[in-house]
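**Student:** Test case, fold it:
(chains A and B)
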Number of protein chains: 2
Amino acid sequence: MSSTPATNRQIRFARHPEGMPDTECFTLETRPIEPLAEGQVRVRNHYLALDPYIRMRMEKKDSYAPVMALGDVLIGRTAGQVVESRAPGVAEGAWVVGRLGWQDYSTATPSELQSIDTAKAPASAYLGALGSTGVTAWVGLVHIGGVREGESVLVSAASGAVGSVVGQLARRKGCRVVGIAGGARKCGIVREKFGFDDCIDYKADDFLEKIGQAAGDGFDIYYDNVGGPIFDAALPLMRNFGRIPLCGLVSQYNATEPYGVKNMREVFNKRLTIRGFVISDHRDVFAAATSELEAAYADGDLVYEETIHDGLENAPASFVSMLQGGNVGKQLIRIVT
Amino acid sequence: MSSTPATNRQIRFARHPEGMPDTECFTLETRPIEPLAEGQVRVRNHYLALDPYIRMRMEKKDSYAPVMALGDVLIGRTAGQVVESRAPGVAEGAWVVGRLGWQDYSTATPSELQSIDTAKAPASAYLGALGSTGVTAWVGLVHIGGVREGESVLVSAASGAVGSVVGQLARRKGCRVVGIAGGARKCGIVREKFGFDDCIDYKADDFLEKIGQAAGDGFDIYYDNVGGPIFDAALPLMRNFGRIPLCGLVSQYNATEPYGVKNMREVFNKRLTIRGFVISDHRDVFAAATSELEAAYADGDLVYEETIHDGLENAPASFVSMLQGGNVGKQLIRIVT
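**Tutor:** Numbers count the residues shown, from 1 in each chain, chains lettered A, B, ... in the order given. So this is what the prediction gives:
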C-alpha cells in the first residue's frame, strides 16, 4: 500500500524578518516526492505545531540553536501517520510525532520519530500538553525551578501552551498560582479553564498595581516565557531565594531594540536564581516528565486549549498571529481536514 | 587590669545620601563609656574595614539586610584586642574580629566575636583575605559558581578585596582568569601582583573590544561585583551553561537611575545561571572556605593589598574614596596608630 502522491506542498523560508515577521517571509512551493530509500518512512502530516521558538530560528545569527537558511523548509513539529515504510519495525498506519517541518508529507528515519497512542489522547495533544510543550513546562517548573509543595508560583503567557501546563502542574503540587496574560478573555480562561488562583492582564493600565496585590508576600518561582518588561516587573515581587526559570523571551523575539531590565538589583537583594533552559539539554528527565504529564491527564488535572487553523497554506499567517498573541493554548495547523 | 578610658569616639549615621555619599552623611561624636555588664567584654578596635555593602545599609529601604537608622553607629567589621573582660573564657589581650562598628571601643558578648591568630597572619588580614572578604570570594566562586578545574573565569572589580581573592583561588584551581579593573595602574597590579592571566581596563575607550578579545571562546564563570554596564557587557561573552554569581552591584549602589540590562536574551540562548548571594546564608561552608584560604595563604598562593588610612575620624572620607574606586585591595582604617 502506498497513498503517497507525486508532489508535496512545503512552506519554505523566503526572507529574514525585521522585527515582527509577515507572510512575505514564507513561500509555498510544490515539489516532486522522491521514492523512499531503504530504512526510511513517509509520514502524512496531520497537525503542525506553531511555536514561538521558530521565530528565533529566523534570525540571521545563531541563538541557542542554529538558524535556518533561506530556502529551507520551515522547521516545526508535526503529528501524523506513516503512509509508506521501508524501515523494519515501523508499520504503515502508525501514528508518530517528530520535527518533520511545514509540509504535507515528510521523509524520516525511525530515530526521528516518536510513537504516540491516539487511543489515550488525540494526536494533537502529543504536540502540546502531552508532548514537548508539556515537557517544557515540567522541566522548567520541576527540574530547573525545583518547585516545592505549597509555594507561590507566577507564570507569564499563562494562557499559552506552556504556561497553562505550568500552572496546572503547580496547582497539582499544592501551589498557589498566579498567571499573567493579555486581555480579559485570556485571563478568564486561565482562571476558569486552567484553574489558576488568579490571572492579571498585562495590557491593562493598572497591571503593576494588580500584580503587586496578587503577589501577596511574594513569589517563590516566576516561570518566565516572555522576558522584557514583565520580567522586570516580576523581579521586585519575588521572595528571598526565589527561582526564575527562563523558558523563552517571546516579548523580545521581534524587538528591534532589546528592553533594558532595570531591577537586577533584586537578584542580589533577594538572592534569586535566574536560569535559562532548553529542553533538549535535559533528555535525562523526559521520561519522568512524560509520566507525570500522562498521570495528570488521566486524573483530569491537565486540560488544554488549542487554536486550530485549517490548511497548510495558512501556516504563515497563523504563525504571525500566534506571535502577536492571537492564540489561546497551542497554535496548530490542521493539514488534513 | 583595665585600660578603658572614660569616653569613646564613634561615627554615627547623620544623613541619607542621594547617589554618592559625602562626609556630611556622618558625624563624629564622643560618648561616655558605660561599665561592662556581666558576660560582656570591651574591645579596643585597631582596624576598621570599609566595605561597599555598607552603602546599601545607608538606603531608606531595606535591601538584603535592614538599613541603618539615622543616629546609629555605622556598621562595620573591626579587628581589635580585648582590653577588659567580664566574660568567662575571653582573656584580656586576646585578638578578635567582629562587626563592632566605627568606633574606638566596642562592647560585645563572646558570641559576637571570633578569635584570630596574629602569629599566623597580621590582624588586618582577618578583615580581608583570611576573613569575610576571602570567604565571600570562596562562596561565590566555589559554592555558588561551582568552579571546575581548567575553566575560564572573568572577575570584575578585580583589584578589589574580593575580586583579587577570587582570581587567585581560581588560578590555584587551574583556571584561566581575566580581571576587569579601572585604570592601567590597577590592571597592572591585577596582572603582576595577583597573577591574573589578563586584566582589562573598563575605563578605556576600547574596553568592549579588548574584553571581547580576552574572552577567547568565552567564560564559564563571571564573578560579578559591580552589576550595571559591565554585567551587560559580560553576558555575550559567556559560554553555554555559564554561571554568574552576583556578589555585589557596586556600580549601582550610588546610581539614582538604575542601569537597564539589554543582553538578558543571552541568559536564555546560553542557558546561563545567574545567582545572587550573601555569605550570611552560607554559614555551613565557612569552615571549608576558611581552611582553603588559610592553606592558600600558607602556600604563598594568596597575596593581598590593603589601602590603609590612619585615624577613625578619616573613615567617612576613606569610605567615599573607596566607593569611587580610590582603593586597591581592602580599604582599612588604622584606628590605633
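
**Student:** what does the stretch 201-337 of chain A put close to chain B?
**Tutor:** When proximity is defined as C-beta under 8 Å from any C-beta of the partner chain, the stretch 201-337 of chain A approaches chain B at A:227, A:231, A:240-241, A:246-249, A:252, A:258-265, A:267-278, A:281. Glycine gets a C-beta too; all of them are placed from N, C-alpha and C.

**Student:** Turn the buried ones among those residues into a named ChimeraX selection, would you?
**Tutor:** Here is the ChimeraX command that selects the buried residues among those (16 or more other C-beta atoms under 10 Å in any protein chain shown):
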select /A:227,231,246,247,248,249,252,258,259,260,261,262,263,264,265,267,268,269,270,271,272,273,274,275,276,277,278
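
**Student:** Return the subset of the residues of the stretch 201-337 of chain A next to chain B lying in strands.
**Tutor:** A:Asn240, A:Phe241, A:Leu246, A:Thr273, A:Ile274, A:Arg275, A:Gly276 (DSSP state E).

**Student:** in chain A, what residue is nearest chain B?
**Tutor:** A:Gly260 (2.0 Å; C-beta to the nearest C-beta).

**Student:** quick one: that residue from A:Ile189, how far?
**Tutor:** Using C-beta to C-beta, to the nearest Å, one gets 32 Å for the distance from A:Gly260 to A:Ile189.

**Student:** domain assignment for chain A?
**Tutor:** A:7-128+A:305-334, A:133-281+A:291-295 (automatic domain parsing).

**Student:** what's the most buried one of those domains?
**Tutor:** The highest mean neighbour count among the domains of chain A, using mean count of other C-beta atoms under 10 Å in any protein chain shown, belongs to domain A:133-281+A:291-295: a mean of 21.

**Student:** So what's the model's average confidence on that domain?
**Tutor:** With pLDDT averaged residue by residue, domain A:133-281+A:291-295 scores 95.

**Student:** Could you tell me the end-to-end distance of that domain?
**Tutor:** 16 Å (C-alpha to C-alpha, to the nearest Å).

**Student:** Repeat that for stretch A:16-32.
**Tutor:** Start-to-end span of stretch A:16-32 (C-alpha to C-alpha) is 26 Å.

**Student:** That one: how far from the chain's middle?
**Tutor:** 21 Å (C-alpha atoms, centre = their mean, to the nearest Å).

**Student:** Say whether chain B is contacted by that stretch.
**Tutor:** No - judged by C-beta under 8 Å from any C-beta, stretch A:16-32 stays clear of chain B, getting no closer than 14.7 Å.

**Student:** Now do that stretch: everything it contacts.
**Tutor:** Stretch A:16-32 is contacted from outside by A:6-15, A:55, A:58-60, A:70, A:74, A:254-256, A:312-313, A:315-317, A:319-320, A:323-324, using C-beta atoms under 8 Å, 6 or more residues apart in numbering or on different chains.

**Student:** swap in stretch A:282-297?
**Tutor:** Counting by C-beta under 8 Å, 6+ apart, A:120-121, A:125, A:129-130, A:134-135, A:138-139, A:142-143, A:165, A:168-169, A:172, A:279, A:302 sit against stretch A:282-297.

**Student:** change it to 7 Å
**Tutor:** Residues outside stretch A:282-297 that contact it (C-beta atoms under 7 Å, 6 or more residues apart in numbering or on different chains): A:Ala121, A:Ala129, A:Leu130, A:Gly134, A:Val135, A:Trp138, A:Val139, A:His143, A:Gln168, A:Leu169, A:Arg172, A:Leu302.

**Student:** Just list the residues touching the second one, thanks.
**Tutor:** If I follow you right, that is A:Ala129. Contacts of A:Ala129 (C-beta under 7 Å, 6+ apart): A:Val165, A:Leu293, A:Tyr297, A:Leu302, A:Tyr304.

**Student:** What's the local residue count around the closest residue to it other than its chain neighbours?
**Tutor:** Setting aside the residues directly before and after it, A:Ala129 is nearest to A:Tyr304 in space (C-beta to C-beta, 6 or more residues apart in numbering or on different chains), at 4.1 Å. Other residues within reach of A:Tyr304, judged by other C-beta atoms under 10 Å in any protein chain shown, total 22.

**Student:** so A:Tyr304, which of the three states?
**Tutor:** Classification of A:Tyr304 using DSSP: H, G, I helix; E, B strand; the rest coil returns coil.

**Student:** Once you drop chain neighbours, what's closest to A:Val96?
**Tutor:** Spatial nearest neighbour of A:Val96, excluding adjacent residues (C-beta to C-beta, 6+ apart): A:Leu113 at 4.2 Å.

**Student:** cool, A:Trp138 as well?
**Tutor:** A:Ala289 (3.9 Å).

**Student:** Work out for me the element the one you found sits within.
**Tutor:** helix A:286-298 (DSSP states H and E).

**Student:** chain center to that helix: distance?
**Tutor:** On C-alpha atoms, centre = their mean, the centre of helix A:286-298 falls 17 Å from the chain's centre.

**Student:** Next secondary structure after it?
**Tutor:** With elements assigned by DSSP H and E, the helix or strand that comes after helix A:286-298 is strand A:306-310.

**Student:** just checking, next helix/strand downstream of that following strand?
**Tutor:** Next along the chain after strand A:306-310, with elements defined by DSSP H and E, is helix A:315-323.

**Student:** could you say what helices and strands that next one packs with?
**Tutor:** Using 3 or more C-beta pairs under 7 Å, 6 or more residues apart in numbering or on different chains; DSSP states H and E, the elements in contact with helix A:315-323 are strand A:330-334.

**Student:** which neighbours does the strand it packs on have in its sheet, and in what orientation?
**Tutor:** Note on strand A:330-334: by DSSP bridges, its sheet partners are strand A:41-49 (antiparallel), strand A:306-310 (parallel).

**Student:** can you give me the angle the first one makes with helix A:315-323?
**Tutor:** Counting by axes from the mean of the first three to the mean of the last three C-alpha atoms, to 10 degrees, strand A:41-49 lies at 40 degrees to helix A:315-323.

**Student:** got a list of contacts for strand A:41-49?
**Tutor:** A:4, A:36, A:76-87, A:90, A:96, A:100, A:102-108, A:110, A:123-124, A:127, A:315, A:330, A:332-336.

**Student:** Off-centre distance for that strand?
**Tutor:** The answer for strand A:41-49 is 18 Å, by C-alpha atoms, centre = their mean.

**Student:** And the last one, by the same measure?
**Tutor:** The gap between where strand A:306-310 is centred and where its chain is centred comes out at 14 Å by C-alpha atoms, centre = their mean.

**Student:** Which of the helices or strands spans A:Ser106?
**Tutor:** strand A:105-108.

**Student:** Centre of the chain to that strand, how far?
**Tutor:** For strand A:105-108, the distance to the chain centre is 22 Å (C-alpha atoms, centre = their mean).

**Student:** before we move on, what about stretch A:109-120?
**Tutor:** Relative to the centre of its chain, stretch A:109-120 is centred 19 Å away, using C-alpha atoms, centre = their mean.

**Student:** tell me how far the ends of that stretch are from each other?
**Tutor:** Per C-alpha to C-alpha, the first residue of stretch A:109-120 is 25 Å away from its last.
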